[in-house]
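Based on what follows, work out the 3D shape:
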Amino acid sequence: MDKRKIVVPGETIISGEEFLPGDGTRREEQDIVAERYGLADVSDKLVRVIALSGVYVPRRGNTIIGEVIDITFNGWIIDFGGSVNGFLPISEVPKYIAKGELQEFLDFGDIIVAKVQGTDGRSLDLSTKLRGLGKLREGMIIKINPNKVPRVIGKEGSMVKIIKDATNVEITVGQNGWIWVKGSKIDDELKTKKIIEFICENSFIEGLTDKVAEFVKELK
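Below is the predicted model of the structure:
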């Protein structure tokens, strides 16, 4: 199989012992079979199905974007659009914060990018200690289906590069489907939003990169 195609659960994607089942697939004798509806992808003998719908399931190491919705005595409660909220403790920010100064550092409504430290299904522990994490200032938040994120990022970041080259914006893609963009002009941010919406609406088609490049030319 040299092209991506839409598959449904139970459908054989490809056959051969040399292929390995990845996310959303299983092996049945010689066949690699889809376990979910989505876009089949074969890369370096690894077969996976990129889901085209569904909710975000947090995993340790994920980078997510969220909003401060509450402040406790020892940290911040973060809404990231999941079934549970995240918690950012004061011990996981890159500077010392006194107990009475939490609101001065991060306030209600602030948007942050954070790393998932751990999750047990009932809670989500976050950290902003690493470089590139923390409060996102100004800009625009675009929310998409989390399963469209791989298509927005592209292979090895190829799609993000197209967006940046076309709009000159800063862009951070959260794996929870929240995307932060910041441009020198609001028009650049709105243009970026149109490109991202185009990618999401056409995420199932083959040759998406070329289609996006054509769409960018039309926008200009």
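
contacting residues around the spatially most central residue of the chain?
The C-alpha lying nearest the average C-alpha coordinate of the chain belongs to Gln175 (C-alpha atoms, centre = their mean; 2.4 Å). Contacts here follow C-beta atoms under 8 Å, 6 or more residues apart in numbering; on that basis Gln175 touches 56, 62-64, 146, 149. Every residue, glycine included, has its C-beta placed from N, CA and C.

what's the helix or strand hosting Val113 packed up against?
Val113 is located in strand 111-119, with elements delineated by DSSP states H and E. For strand 111-119, the elements it packs on are strand 63-71, strand 86-89, strand 124-127, strand 134-136, judged by 3 or more C-beta pairs under 8 Å, 6 or more residues apart in numbering; DSSP states H and E.

Let's see it as PDB, backbone CA atoms only.
Extracted as PDB, the C-alpha positions of strand 111-119 are listed here (Å, rounded to 0.1, in the frame of the first residue of the first chain):
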ATOM      1  CA  ILE A 111      -3.400  30.400  28.600                       C
ATOM      2  CA  ILE A 112      -0.400  28.100  29.100                       C
ATOM      3  CA  VAL A 113       1.400  25.400  27.300                       C
ATOM      4  CA  ALA A 114       2.500  22.500  29.600                       C
ATOM      5  CA  LYS A 115       3.900  19.000  29.600                       C
ATOM      6  CA  VAL A 116       1.900  16.100  30.900                       C
ATOM      7  CA  GLN A 117       3.800  14.600  33.800                       C
ATOM      8  CA  GLY A 118       1.400  11.800  34.600                       C
ATOM      9  CA  THR A 119      -2.200  10.800  34.600                       C
END
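
Could you list the residues in contact with it?
Outside strand 111-119, the residues within contact range by C-beta under 8 Å, 6+ apart are 58-68, 78, 86, 88, 92, 106, 124-128, 130, 132-136, 141, 172, 174, 180.
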